[in-house]
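Colleague: one predicted model, sequence on top.
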Amino acid sequence: MSDEMKVDQARPLANLILKACKNIDVDDSDSGYQNLREALINGNGDFHGEMINLVTQEAMFQHVRNHGF
């Protein structure tokens, strides 16, 4: 599969992740988001690790919002 085809194939998932990140107030200039996007579109980077980081970050923020600490 050509690089261009890989990019086209990954774009819908990258857009879905962008939308989800915006819903939890992750800025699209955030390095974690950019690393996810790069891993999806170009195959460079650690998609799994970056996704875990963003999910953990959101879980901590939710805990703080709900419990105040």
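Modeller: Thanks, I have the structure now. The structure presented is a predicted model; accordingly, all values stated were derived computationally and were not measured.
Colleague: give me every residue that touches Ile41.
Modeller: 6-7, 10-11, 14 (C-beta atoms under 8 Å, 6 or more residues apart in numbering). Glycine gets a C-beta too; all of them are placed from N, C-alpha and C.
Colleague: filter those down to the buried ones.
Modeller: Buried members of the contacts of Ile41, counted by 16 or more other C-beta atoms under 10 Å: 10, 14.
Colleague: and Glu50, how many neighbours?
Modeller: By other C-beta atoms under 10 Å, 21 other residues sit near Glu50.
Colleague: residues making contact with the strand or helix carrying it?
Modeller: When elements are assigned from DSSP states H and E, Glu50 belongs to helix 47-67. Contacts with helix 47-67, where a contact means C-beta under 8 Å, 6+ apart, come from 21, 24, 26, 32-33, 35-36, 39-40.
Colleague: now it: average pLDDT?
Modeller: The pLDDT scores in helix 47-67 average 85.
Colleague: now swap in stretch 19-29 and tell me
Modeller: For stretch 19-29, the mean pLDDT works out to 77.
Colleague: could you export it as PDB, keeping only the C-alpha atoms?
Modeller: Only the C-alpha atoms of stretch 19-29 are listed here, as PDB (Å, rounded to 0.1, in the frame of the first residue of the first chain):
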ATOM      1  CA  LYS A  19     -13.100  15.300  17.800                       C
ATOM      2  CA  ALA A  20     -12.800  13.200  21.000                       C
ATOM      3  CA  CYS A  21      -9.800  15.200  22.200                       C
ATOM      4  CA  LYS A  22     -11.700  18.500  21.600                       C
ATOM      5  CA  ASN A  23     -14.600  17.100  23.600                       C
ATOM      6  CA  ILE A  24     -12.300  16.600  26.600                       C
ATOM      7  CA  ASP A  25     -10.600  19.900  26.000                       C
ATOM      8  CA  VAL A  26      -7.300  18.600  24.700                       C
ATOM      9  CA  ASP A  27      -5.800  21.200  22.400                       C
ATOM     10  CA  ASP A  28      -5.000  20.000  18.900                       C
ATOM     11  CA  SER A  29      -1.600  21.600  19.300                       C
END
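Colleague: would you mark the buried spots in it?
Modeller: Buried residues in stretch 19-29, counting neighbours by 16+ other C-beta under 10 Å, are found at 21, 26.
Colleague: fine by me, thanks again.
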